[in-house]
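In: the sequence isn't on hand, but the structure is:
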Ligand code: GDP
Ligand code: MN
């Protein structure tokens with residue numbers, strides 16, 4: 001789950017990573033009482049969960065006299081399609097230079113990797129593309145809870161040493177807060193020292209309970225309901241809804257859709273032993289996602305009984321075409337129920353997927 005800048009900065013403060021003095025407002029009026037806490041130069045930062053706010057008009061540098069009026073304008077704006085509900089009001093930092101640092105997980109090496117660049121700021125993506133050598137990388141053995149000094153020296157070649165403690169603190173944030181990404185862009189130097197001028201943290205969804213986060217804000221309403229039902233459910237961008245039982249069968253269904261040139265809209269693993277009601281809920285949930293034009297149900301009947309599955313599909317009664325492949329326990333009964341109710345059951349995975357891909361392209 002992504003944290004907003006001000007939430008990430010609250011965590012940074014606990015770890016002694018310096019951030020600008022500031023406060024959050026929910027409406028322009030709230031700025032009045034606290035504006036005196038900060039100096040005359042003010043930065044207004046829209047708290048929306050997208051990158052590149054600066055370029056999209058979400059960061060306004062102003063003075064205290066016009067801060068309220070500018071805040072009112074910012075509340076009216078949409079930043080990359082998102083409305084502005086909160087603004088972080090900060091004292092403007094006298095930036096000398098902008099650096100980039102992030103820590104993420106290198107999944108292929110199974111190690112955290114630290115990326116650092118002496119040319120940070122809003123053009124970092126461009127830098128990474130045009131001049132990849134400007135981006136230093138070091139991989140840290142996960143048993144270490146500090147970046148060893150020799151690695152830090154390699155990372156910070158020729159740049160101010162005082163960045164080191166901040167990067168080390170960020171590494172601790174990453175480990176202790178179960179972050180999949182911890183990023184400071186820009187990390188800045190000023191005449192008063194180093195500051196995290198921006199903050200980004202993405203917490204591993206599987207660790208939210210450990211972090212005391214009860215609601216995952218990033219989930220869609222459907223994903224949240226799926227979690228309650230105990231389904232593994234993921235939304236993608238295509239038009240074919242996918243229901244399977246077991247991760248292996250579900251994944252291979254997705255692979256085969258891809259192989260035949262189709263695009264899955266989502267996929268749902270109903271798990272073992274799914275009965276009529278569970279299957280009904282699964283089919284309805286998958287069908288509710290906008291853009292789903294056809295649904296593939298690919299289930300193996302072991303403990304799961306095909307007749308129960310067929311009843312679940314029929315009782316879901318969704319408007320999209322549902323193509324089914326069922327094999328195993330009570331297969332014949334399942335086929336009869338589906339046929340009687342006008343549903344299509346095909347014999348092989350190949351057939352259902354070919355059919356669905358064609359249907360989705362119509
Ligand atoms: P982003 O565009 O969403 O990444 O938002 P940032 O918080 O990184 O701000 C974008 C840019 O605005 C930074 O790279 C800085 O150049 C500038 N900026 C942000 N805060 C300050 C500040 O306190 N002082 C100055 N001088 N510039 C700032
Ligand atoms: Mn930034």
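Out: Yes, it's here. Since this is a predicted model, take the numbers as computed values, not measurements. Residues are numbered from 1 along each chain as shown. Ligands and ions are numbered 1, 2, ... in the order given.
In: quick one: the helices in the chain?
Out: With DSSP state H as the criterion, the chain has helices at 5-14, 31-34, 67-76, 124-130, 149-155, 163-176, 221-229, 247-259, 276-288, 306-316, 331-340, 349-361.
In: which of those helices sits most buried?
Out: helix 306-316 (a mean of 23; mean count of other Cβ atoms under 10 Å). (Each C-beta comes from the backbone N, C-alpha and C, glycine too.)
In: and that one, what does it pack onto?
Out: helix 276-288, strand 294-301, strand 321-328, helix 331-340 (3 or more Cβ pairs under 8 Å, 6 or more residues apart in numbering; DSSP states H and E).
In: just to revisit the earlier point, of the helices of the chain, which is nearest residue 45?
Out: Closest approach to residue 45 among those (Cβ to Cβ): helix 5-14, 6.5 Å.
In: how about the residues of this protein by ligand 1?
Out: Within the chain, the positions near ligand 1 by Cβ under 6 Å from any ligand atom are 20, 43, 45, 51-54, 59, 90, 92-93, 95, 98, 121-122, 185-186, 197-198.
In: buried among the residues you listed? Need that as a selection in PyMOL.
Out: The buried subset of the residues of the chain next to ligand 1, as determined by 16 or more other Cβ atoms under 10 Å, is captured in PyMOL by this line:
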select buried, resi 20+43+45+51+53+54+59+90+92+93+98+121+122+185+186+197+198
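In: domains of this protein: list them as residue ranges, please.
Out: 21-91, 95-207, 221-360 (automatic domain parsing).
In: tell me which of the ones you listed lies nearest to ligand 2.
Out: Proximity to ligand 2 (Cβ to the ion) singles out domain 95-207 among the domains of the chain, at 3.4 Å.
In: now do the residue of the stretch 251-362 of the chain found nearest ligand 1 against residue 119, distance only.
Out: Nearest residue of the stretch 251-362 of the chain to ligand 1: residue 290, at 28.4 Å (Cβ to the nearest ligand atom). Counting by Cβ to Cβ, to the nearest Å, the separation of residue 290 from residue 119 is 41 Å.
In: quick one, which of those two is more surrounded?
Out: residue 119 (16 against 6; other Cβ atoms under 10 Å).
In: wait, the more buried one touches residue 134, no?
Out: Yes - between residue 119 and residue 134 there is a contact under Cβ atoms under 8 Å: 5.7 Å.
In: intersection of neighbour lists for these two?
Out: residue 127 (Cβ atoms under 8 Å, 6 or more residues apart in numbering).
In: just the pLDDT for the closest residue to residue 57 other than its chain neighbours.
Out: Spatial nearest neighbour of residue 57, excluding adjacent residues (Cβ to Cβ, 6 or more residues apart in numbering): residue 77 at 6.2 Å. Per-residue confidence (pLDDT) for residue 77: 96.
In: and residue 273, by the same measure?
Out: Note for residue 273: predicted pLDDT of 88.
In: neighbours of it, how many?
Out: Neighbour tally, residue 273, other Cβ under 10 Å: 12.
In: so what's residue 60 closest to, chain neighbours aside?
Out: Spatial nearest neighbour of residue 60, chain neighbours left out: residue 44 (4.3 Å); criterion: Cβ to Cβ, 6+ apart.
In: got the residues of the protein near ligand 2?
Out: 185, 198 (Cβ under 5 Å from the ion).
In: please verify my assumption that residue 291 contacts residue 265.
Out: Yes - between residue 291 and residue 265 there is a contact under Cβ under 8 Å: 5.6 Å.
In: isn't residue 89 right up against residue 25?
Out: Yes - between residue 89 and residue 25 there is a contact at 6.0 Å, judged by Cβ under 8 Å.
In: okay, these two: which has more neighbours?
Out: Remark: of residue 89 and residue 25, residue 89 carries more neighbours, 26 against 22, as counted by other Cβ under 10 Å.
In: for the more buried one, name its beta-bridge partners.
Out: Note on residue 89: beta-bridge partners by DSSP bridges are residue 23, residue 44.
In: about what we covered before: burial of the residue nearest to residue 57, as a residue count?
Out: 15.
In: pull up the gap between it and ligand 1, please.
Out: Distance of residue 77 to ligand 1, given as Cβ to the nearest ligand atom, to the nearest Å: 14 Å.
In: mind listing what's buried along stretch 80-94?
Out: For stretch 80-94, by 16+ other Cβ under 10 Å, it's 82, 84, 86-93.
In: ok, now stretch 212-221?
Out: For stretch 212-221, the neighbour count (16+ other Cβ under 10 Å) marks residue 219 as buried.
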